[in-house]
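Participant: Turn this into a model:
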Amino acid sequence: MAETNPSATASAGGGAGPSDGQRDALEGTIGSLLKGGFGESLFRAHFENLPGPAYIWRRAGEDFKLVAFNKAAVERVRQVAKEFVMGCSAAELQQGLDFVGLLDECLRSGRVRQIELDYRYRSGITRRLSVTLIPIHSEHVVHHTEDITERHEAEQALRASEARSRALMDAHPDMMMRVSRDGVYLDAHVPEQITRLLGFRSEHFVGKRIDELFDAEFARMHAVYRAKALETGDVQKWEYTRTVRGIRRFVEARFVRSGENEVMVTVTDVTDRIDLERQIVSSVERERYHIGHDLHDGLGQILTGVKLMLEPLRRKLPASDSLDGRTLQQAVDLINQAIAQTSELARGLSPVPREAGVTLRHALEQLAKRSQSVFGVACRVHATAKLDQLSEESANNLYRIAQEAVTNAVKHGKATEVDIRAKVSADGLTLTVEDNGIGFKRVKTPGAGMGMHIMRYRARAIGGELTAKTRPAGGAVVSCFCPFPSPPEPFAAGRDTPAP
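Facilitator: Below is the predicted model:
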């Protein structure tokens with residue numbers, strides 16, 4: 001019984017306050033209650049000034065009668081609850097609810113009762129009400145009503161919104177995490193597929209800190225991207241690798257601000273995409289190698305043969321003796337230029353031809369010489385070994401990365417000095433290109449340009465990782481790690497889903 005409010009009386013139904021008769025009834029009721037030990041001033045102050053409609057019901061045989069109400073109830077009666085008149089019975093207002101039984105049980109038990117329900121007034125208006133019944137005397141119950149319609153509707157709307165959001169998350173194939181500014185997992189969506197494969201569940205993350213679950217370097221980088229997302233409001237993308245059950249996975253995490261002090265992180269396994277990129281890059285490299293091989297062993301050999309055939313004739317017709325001799329010398333010179341250009345094209349298409357005995361170190365030294373000649377910069381190579389442990393595909397891709405990094409350093413970074421370093425360790429090779437230019441701060445964000453994207457593709461194609469950053473002292477550093485041995489085809493064999 002929603003507004004089981006003892007209503008203002010019939011005459012008060014449209015008035016501003018209780019009539020004289022109603023005042024007398026209220027005084028009489030309060031007087032009788034005061035005889036039961038209630039302090040007059042305390043009771044009046046509390047009852048009359050309650051923030052919501054309040055009524056007093058008195059037992060009348062098997063029913064209860066409305067004998068008093070406060071100022072808030074008068075306004076309520078005037079607006080919607082016209083059936084709540086002085087002297088009305090609880091049975092008349094039950095509206096499908098055993099209100100008489102509730103009042104009776106409240107008196108018998110001596111305990112406060114609270115109920116919440118939808119009540120339809122005779123005016124046709126339905127409101128959500130919170131009703132409190134308080135026994136104050138052996139025959140009297142105070143009935144307080146709070147209209148919570150707006151709050152109830154807001155709660156329902158919120159629950160519906162949460163249900164929609166949860167449905168969207170449940171349908172999302174990727175892991176989704178809400179993370180606080182200080183690195184605590186607030187919520188987690190873990191798809192069933194990941195749970196089946198890895199055993200991860202939401203409880204594995206919620207309430208725990210990132211530095212509790214992952215290594216220090218991972219936690220540090222996670223904090224960097226969280227901070228960027230919170231400060232800029234832009235989506236931040238972080239690509240990294242995780243080893244799951246002995247298999248190396250490529251992962252992409254996107255950070256987006258979802259609150260003043262929290263971010264939403266979507267974690268996607270992109271190993272399939274990396275596999276495809278690798279196959280494409282490998283296919284392109286194979287074609288380049290074949291074209292370079294054909295140029296060197298085909299066209300190059302033909303031009304060399306033509307040159308050798310002309311050599312005897314050139315000796316018989318010296319260029320200084322006749323016009324035919326000079327023409328023949330020009331033809332030989334053009335053939336020499338064609339041979340040189342063909343050789344240069346073949347070297348560009350396959351810069352580290354293993355069958356020709358060329359190593360990555362030798363190719364990098366040639367790159368440094370050409371860079372000094374073409375760009376006029378000081379370019380040095382620092383290598384600790386021959387760098388012949390790599391496959392031809394890996395060596396060619398590392399060379400391309402170094403070539404692109406040197407070009408970027410000169411063209412965009414305004415560098416005058418470039419150092420190419422290649423260091424071999426037990427598990428792989430690290431190629432680093434450092435310069436003394438302006439770095440990435442005054443140009444594009446690391447990873448924003450097409451050249452940087454291509455370098456990343458090449459690094460991933462050989463199972464490596466590429467990083468680019470600006471040094472505190474100035475200049476840029478591009479580094480690529482390539483593991484030994486080169487990864488097998490396809491990279492995604494034995495697929496698992498990565499931890500975030």
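Participant: Buried residues of the longest helix belonging to the chain, list them for me.
Facilitator: Using DSSP state H, we find that the single longest helix of the chain is helix 323-349. Neighbour counts over helix 323-349 (16 or more other CB atoms under 10 Å) mark 325, 328-329, 332, 335, 338-339, 342-343, 345-347, 349 as buried. Just so you know, the C-beta spots here come from the backbone N, C-alpha and C atoms, and that holds for glycine as well.
Participant: With distance to residue 144 and pLDDT added, can I get these in CSV?
Facilitator: Listed next are those as CSV, based on distance: CB to CB, whole Å; pLDDT from 0 to 100:
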residue, distance to residue 144, pLDDT
325, 122, 79
328, 118, 82
329, 116, 83
332, 112, 85
335, 108, 87
338, 102, 86
339, 103, 84
342, 98, 80
343, 98, 77
345, 93, 78
346, 94, 73
347, 92, 70
349, 88, 72
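Participant: Quick one: residues in contact with stretch 157-168.
Facilitator: Where contact means CB atoms under 8 Å, 6 or more residues apart in numbering, no residue beyond stretch 157-168 reaches it.
Participant: at 10 Å instead, please
Facilitator: 176, 189 (CB atoms under 10 Å, 6 or more residues apart in numbering).
Participant: Kindly state the domain boundaries assigned to the chain.
Facilitator: For the chain, automatic domain parsing gives the domain ranges 11-152, 172-269, 355-500.
Participant: Kindly state which of those is positioned closest to residue 295.
Facilitator: Residue 295 lies closest to domain 355-500 among these, at 13.0 Å (CB to CB).
Participant: What are the boundaries of the helices in this protein?
Facilitator: Ranges of helices in the chain, per DSSP H, are 20-34, 40-48, 71-79, 99-109, 149-171, 192-198, 210-213, 216-232, 271-294, 300-316, 323-349, 360-375, 392-411, 450-461.
Participant: Point out where the stretch 401-500 of the chain drops to low pLDDT.
Facilitator: Residues of the stretch 401-500 of the chain meeting the criterion pLDDT under 70: 441-449, 485-500.
Participant: still on that earlier bit, with distance to residue 303 and mean neighbour count as extra columns, can I get the domains of the chain in JSON lines?
Facilitator: What follows is the domains of the chain, written out as JSON lines (distance: least, CB to CB, whole Å; neighbours: other CB atoms under 10 Å):
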{"stretch": "domain 11-152", "distance to residue 303": "89", "mean neighbour count": "17"}
{"stretch": "domain 172-269", "distance to residue 303": "45", "mean neighbour count": "16"}
{"stretch": "domain 355-500", "distance to residue 303": "18", "mean neighbour count": "18"}
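Participant: Out of the buried residues of helix 323-349, which comes closest to residue 103?
Facilitator: Out of these, the member with the shortest distance to residue 103 (by CB to CB) is residue 349, at 95.2 Å.
Participant: Verify the contact between that closest one and residue 396 for me.
Facilitator: Yes - using CB atoms under 10 Å, residue 349 is in contact with residue 396, at 9.4 Å.
Participant: Now do the contacts for residue 423.
Facilitator: Contacts of residue 423 (CB under 10 Å, 6+ apart): 382-385, 387, 429-432, 481.
Participant: Which elements pack onto the longest strand seen in the chain?
Facilitator: Under DSSP state E, the strand in the chain containing the largest number of residues is strand 247-259. Contact here means 3 or more CB pairs under 10 Å, 6 or more residues apart in numbering; DSSP states H and E; on that basis strand 247-259 packs against strand 175-180, strand 185-189, helix 216-232, strand 236-244, strand 262-269, helix 271-294.
Participant: Mind listing the strands that strand pairs with, and their directions?
Facilitator: Looking at strand 247-259 with DSSP bridges, its partner strands are strand 236-244 (antiparallel), strand 262-269 (antiparallel).
Participant: Between helix 360-375 and the longest helix of the chain, find me the angle.
Facilitator: 120 degrees (axes from the mean of the first three to the mean of the last three CA atoms, to 10 degrees).
Participant: What helices and strands are in contact with helix 323-349?
Facilitator: Against helix 323-349 (3+ CB pairs under 10 Å, 6+ apart) you get helix 271-294, helix 300-316, helix 360-375.
Participant: Throw those helices into CSV and include mean pLDDT and distance to residue 392, thanks.
Facilitator: Formatted as CSV, the helices and strands packed on helix 323-349 follow (pLDDT from 0 to 100; distance: least, CB to CB, whole Å):
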stretch, mean pLDDT, distance to residue 392
helix 271-294, 77, 8
helix 300-316, 83, 19
helix 360-375, 90, 10
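Participant: Just send the ones you listed back as CSV, with distance to residue 56 too.
Facilitator: Below are those laid out as CSV (distance: least, CB to CB, whole Å):
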stretch, distance to residue 56
helix 271-294, 73
helix 300-316, 110
helix 360-375, 95
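Participant: So for residue 313, which of the domains of the chain sits nearest?
Facilitator: Nearest of those (CB to CB): domain 355-500, 30.9 Å.
Participant: of the contacts of residue 423, closest to residue 261?
Facilitator: Once CB to CB is applied, the member of the contacts of residue 423 that ends up nearest residue 261 is residue 481, at 34.8 Å.
Participant: For that closest one, name its beta-bridge partners.
Facilitator: residue 430, residue 465.
Participant: right, and residue 346 touches residue 301 too?
Facilitator: No - counting by CB under 10 Å, no contact exists between residue 346 and residue 301, whose distance comes to 11.2 Å.
Participant: any residues in contact with both of the two?
Facilitator: In contact with both residue 346 and residue 301: residue 295, using CB under 10 Å, 6+ apart.
Participant: what's near enough to touch residue 458?
Facilitator: So residue 458 contacts 277-278, 281, 285, 394, 396-401, 404, 464, 466, 480, 482 (CB under 10 Å, 6+ apart).
Participant: redo that, cut-off 7 Å
Facilitator: Applying CB atoms under 7 Å, 6 or more residues apart in numbering to residue 458 gives the contacts 281, 397, 400-401.
Participant: Next: residue 186.
Facilitator: Residue 186 touches 178-180, 262, counting by CB under 7 Å, 6+ apart.
Participant: Distance check, residue 76 against residue 453.
Facilitator: 68 Å (CB to CB, to the nearest Å).
Participant: coming back round to it: closest one to residue 127 among the helices and strands packed on strand 247-259?
Facilitator: strand 185-189 (34.4 Å).
Participant: middle-most residue in the protein, spatially?
Facilitator: residue 265 (2.6 Å; CA atoms, centre = their mean).
Participant: List the neighbours of the longest strand of the chain that are in contact with it.
Facilitator: Contacts of strand 247-259 (CB under 7 Å, 6+ apart): 178, 225-226, 229-230, 233, 235-242, 263-271, 274, 460, 494, 496, 498, 500.
Participant: now the angle between strand 185-189 and it, please.
Facilitator: Using the same axes, to 10 degrees: strand 247-259 against strand 185-189 is 120 degrees.
Participant: and strand 247-259, how far from the chain's centre?
Facilitator: With CA atoms, centre = their mean, to the nearest Å as the basis, strand 247-259 stands 6 Å off its chain's centre.
Participant: Equivalent analysis for stretch 188-204, please.
Facilitator: 17 Å.
Participant: Give me the residues contacting that stretch.
Facilitator: Contacts of stretch 188-204 (CB under 7 Å, 6+ apart): 169, 172-173, 175-177, 205-206, 244, 496-497.
Participant: could I get the strands paired with strand 247-259 as JSON lines with mean pLDDT and distance to residue 150?
Facilitator: What follows is the strands paired with strand 247-259, written out as JSON lines (pLDDT from 0 to 100; distance: least, CB to CB, whole Å):
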{"stretch": "strand 236-244", "mean pLDDT": "83", "distance to residue 150": "39"}
{"stretch": "strand 262-269", "mean pLDDT": "91", "distance to residue 150": "28"}
